[in-house]
Structures are given as C-alpha cells and as structure tokens.
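*Asks:* Give me coordinates for this.
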Amino acid sequence: MEIRVLKYFLAVVREESITKAADALHITQPTLSRQMTGLEEETGVKLFERGTRKITLTNEGLLLRRRAEEILRLVDKTQQELVEQEEQIEGKQLGYGRV
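*Replies:* Sure thing, here's the model as predicted:
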C-alpha cells in the first residue's frame with residue numbers, strides 16, 4: 001500500500017466523488033478510478049458504495065480512512081523530525097550552540 005494511494009483515497013473520501021477528487025489532485029478520473037479499484041483489490045475488501053451522486057464508505061472503508069489518516073500524520077511527523085535532526089546536526093557542525 002503506497003502513501004500516494006492513501007492520499008488519493010483520502011481525497012476521494014473528502015470529495016465524495018472520484019471525479020471531483022481527480023480534479024483536486026490534477027490527475028485524470030480513469031487513473032484515479034483504477035487506483036481505487038487497485039486499492040480494493042489489494043486490501044481484498046470493498047471500500048466504497050458508489051452512488052449516482054456521491055461515494056460513501058463501507059465499514060471497511062471507514063477503518064481504512066482512520067488508519068490512512070494516522071499513517072499520513074506519522075509520515076508527516078517523521079519527515080519533520082528528520083528535518084529537525086538534520087538542522088541540529090548542521091548547527092553542531094557549524095559550531096552553533098558551543099559555549
């Protein structure tokens with residue numbers, strides 16, 4: 001399961017539409033639709049109830065939404081911590097923080 005696909009999934013959830021999500025993500029609707037079908041195949045569960053006007057989540061989709069949000073928060077936090085760590089290392093190498 002790729003982080004990019006989880007971001008796509010959350011966009012579909014937010015927009016309640018693959019077409020609207022595709023527009024927001026600046027990708028084509030067929031591409032996004034294939035990604036969501038692939039995600040359902042990868043997880044082995046149906047994630048969406050596809051209506052005529054909007055998409056709603058199944059119970060499994062609700063679980064994935066919660067987990068995807070957690071995963072993306074953790075990815076963001078990890079990236080921020082890595083940047084902070086690098087800044088600390090660079091500061092020490094330049095002699096900052098010495099007394």
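*Asks:* list the buried ones in the helix ranked longest in the chain?
*Replies:* If you go by DSSP state H, the chain has its longest helix at helix 59-93. For helix 59-93, a neighbour-count test (16 or more other Cβ atoms under 10 Å) marks G61, L64, R65, A68 as buried. C-betas here are computed from N, CA, C, even on glycine.
*Asks:* check contacts around the residue nearest the centre of the chain.
*Replies:* What sits nearest the mean C-alpha location of the chain, by Cα atoms, centre = their mean, is K7, with 2.3 Å. With contact taken as Cβ atoms under 8 Å, 6 or more residues apart in numbering, K7 is in contact with L72.
*Asks:* Next, the angle from whichever strand or helix holds it to helix 59-93.
*Replies:* Using DSSP states H and E, K7 sits within helix 3-15. With axes from the mean of the first three to the mean of the last three Cα atoms, to 10 degrees applied, the angle from helix 3-15 to helix 59-93 works out at 130 degrees.
*Asks:* What average pLDDT does the helix or strand just after helix 3-15 get?
*Replies:* The helix or strand immediately downstream of helix 3-15 is helix 18-25, counting by DSSP H and E. Helix 18-25 shows a mean pLDDT of 96.
*Asks:* same deal with stretch 58-73?
*Replies:* Averaged across stretch 58-73, pLDDT comes to 98.
*Asks:* which residues touch it?
*Replies:* In contact with stretch 58-73 (Cβ under 8 Å, 6+ apart) are residues 3, 6-7, 9-10, 13, 43, 45-49, 57.
*Asks:* switch the cut-off to 10 Å
*Replies:* 1, 3, 5-10, 12-14, 39-40, 43-49, 55-57 (Cβ atoms under 10 Å, 6 or more residues apart in numbering).
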